[in-house]
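Trainee: have a look at this prediction, sequence included:
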Amino acid sequence: NYLIRMVTSHSNEQLNEDEGVVIGKLRSNFLGTEFTIYDEGVNPKYIEQDTYSSYTSNARSELGAILYAPNIMGSKGPRKMAVSIGKIDEETGRPLKKWQPVHSDEEMTTCLKHTNSSLFDQLFVMENKPPKWNEDLSAYVLNFNGRV
């Protein structure tokens with residue numbers, strides 16, 4: 001688990017752990033294959049859910065999700081990666097949905113894994129380009145079309 005901080009210092013010195021303002025958190029599952037990015041809100045476990053309005057105003061929101069798919073060959077070979085963020089309304093510039101899941105089936109990681117979810121169309125999904133096996137090099141390669 002990592003805190004995402006915004007620091008206004010322009011110093012080249014090493015940052016103090018308490019410096020800056022926390023603007024979010026990055027949390028992973030036990031295996032390190034699923035990550036969720038949250039804003040600075042409160043974990044819903046610690047909020048009294050007596051009224052819906054107090055829940056939505058204090059509870060953290062999901063800002064994004066990252067999935068590393070395990071590969072078939074175990075530790076050999078590349079892994080697939082998918083990253084998602086909530087879609088933005090082109091006219092207003094605001095998110096189409098505020099991601100404050102109450103149940104696990106409403107979480108971005110779950111929606112990203114199950115593309116038939118009713119919420120999947122609310123996500124902007126990016127996936128890595130899969131590398132191809134090169135017999136001459138005996139390695140996986142990506143074609144960057146001369147840019148690298």
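Mentor: Everything's here; your move. What you are looking at is a predicted structure, and each value in this text was computed from that prediction instead of being measured.

Trainee: which parts of the chain are helices?
Mentor: Counting by DSSP state H, the chain has these helices, from start to end: 52-58, 108-113.

Trainee: mean pLDDT lowest where, among these?
Mentor: When the helices of the chain are ranked by mean pLDDT, helix 52-58 comes last with a mean of 61.

Trainee: what's the neighbour count on Asn116?
Mentor: 6 (other CB atoms under 10 Å). Backbone N, C-alpha and C define where each C-beta goes, glycine included.

Trainee: name the nearest residue to the residue nearest the centre of the chain, ignoring sequence neighbours.
Mentor: Nearest to the geometric centre of the chain sits Ala65, at 2.3 Å (CA atoms, centre = their mean). In this structure, Ala65 finds its nearest non-sequential neighbour in Met108, 3.7 Å apart by CB to CB, 6 or more residues apart in numbering.

Trainee: was I right about that neighbour contacting Leu67?
Mentor: No: Met108 is beyond contact range of Leu67, at 9.5 Å (criterion: CB atoms under 8 Å).

Trainee: the two: who's more crowded?
Mentor: Using other CB under 10 Å, the more surrounded residue of Met108 and Leu67 is Met108, with 26 against 20.

Trainee: show me what contacts that one?
Mentor: Residues in contact with Met108, defined by CB atoms under 8 Å, 6 or more residues apart in numbering, are 36, 62, 64-65, 84, 86, 99, 101, 123.

Trainee: pLDDT (mean, whole number) over stretch 135-143?
Mentor: For stretch 135-143, mean pLDDT rounds to 84.

Trainee: report the distance from it to the chain centre.
Mentor: Stretch 135-143 sits 29 Å away from the centroid of its parent chain (CA atoms, centre = their mean, to the nearest Å).

Trainee: ok so, going back, how near is the residue nearest to Ala65 to Asn128?
Mentor: Met108 is 18 Å from Asn128, where distance means CB to CB, to the nearest Å.
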